[in-house]
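Participant: here's a sequence, model it:
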Amino acid sequence: MLRSLAPMPMYQKSKGMNTDLVGLVDAWGEGFVNELDYRAEAKATTEFSRAMKERGLGSVFAPEVVEELSSMHVLTTKWVDGERLSDSDAGDVPRLCGSTC
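Facilitator: Numbers count the residues shown, from 1 in each chain. The predicted structure follows:
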């Protein structure tokens, strides 16, 4: 519905808009579809853990992805026992969160 309204000059004028609504709607749609691709999420999860380890924060990680049980529509990870940073009283929490959680 948004895509069909976006190119209508009268809609943009009536709302006082001076923007590329078609481009905006297309970018939003692409981002939305990409968020539903769990293969991309699996890759991001693995990269996050690697990046934390490279920064010396190996205790901060995402659950390990189980590739053989994951697909575009299903993301399977291993269970992680741990403590939420927001519930922790450890002294390094502000460093891990950038300030406070």
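Participant: low-confidence ranges, this protein, go.
Facilitator: 1-19, 96, 98-101 (pLDDT under 70).
Participant: list the contacts for the residue nearest the centre of it?
Facilitator: Nearest to the geometric centre of the chain sits E35, at 7.0 Å (C-alpha atoms, centre = their mean). E35 makes contact with E41 under the criterion C-beta atoms under 8 Å, 6 or more residues apart in numbering. For every residue, glycine as well, the C-beta is placed using N, CA and C.
Participant: so what's the residue count around L85?
Facilitator: 15 (other C-beta atoms under 10 Å).
Participant: gap between it and V65?
Facilitator: Separation of L85 from V65 (C-beta to C-beta, to the nearest Å): 21 Å.
Participant: please apply the same query to E83.
Facilitator: 22 Å.
Participant: more neighbours: which of these two?
Facilitator: V65 (21 against 10).
Participant: wait, isn't that one in contact with T77?
Facilitator: Yes - V65 is within contact range of T77, at 5.5 Å (criterion: C-beta atoms under 8 Å).
Participant: any common contacting residues for those two?
Facilitator: Residues touching both V65 and T77 by C-beta under 8 Å, 6+ apart: T45.
Participant: can you pull the contacts of the nearest residue to T46 once chain neighbours are set aside?
Facilitator: In this structure, T46 finds its nearest non-sequential neighbour in V65, 5.9 Å apart by C-beta to C-beta, 6 or more residues apart in numbering. For V65, the contacting residues are A42, T45, T46, L75, T76, T77, by C-beta under 8 Å, 6+ apart.
Participant: put the alpha carbons of the lengthiest helix in the chain into PDB.
Facilitator: When the chain is parsed with DSSP state H, its longest helix is helix 38-54. Output of helix 38-54 as PDB, limited to C-alpha atoms (Å, rounded to 0.1, in the frame of the first residue of the first chain):
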ATOM      1  CA  TYR A  38      18.100 -16.000   9.000                       C
ATOM      2  CA  ARG A  39      21.200 -17.000   7.000                       C
ATOM      3  CA  ALA A  40      22.200 -13.300   7.200                       C
ATOM      4  CA  GLU A  41      21.300 -13.300  10.900                       C
ATOM      5  CA  ALA A  42      23.500 -16.400  11.400                       C
ATOM      6  CA  LYS A  43      26.400 -14.700   9.700                       C
ATOM      7  CA  ALA A  44      26.000 -11.500  11.800                       C
ATOM      8  CA  THR A  45      25.700 -13.600  15.000                       C
ATOM      9  CA  THR A  46      29.000 -15.400  14.200                       C
ATOM     10  CA  GLU A  47      30.700 -12.200  13.200                       C
ATOM     11  CA  PHE A  48      29.600 -10.500  16.500                       C
ATOM     12  CA  SER A  49      31.200 -13.200  18.600                       C
ATOM     13  CA  ARG A  50      34.400 -13.000  16.600                       C
ATOM     14  CA  ALA A  51      34.500  -9.200  16.900                       C
ATOM     15  CA  MET A  52      34.100  -9.400  20.700                       C
ATOM     16  CA  LYS A  53      36.900 -12.000  21.000                       C
ATOM     17  CA  GLU A  54      39.200  -9.800  18.800                       C
END
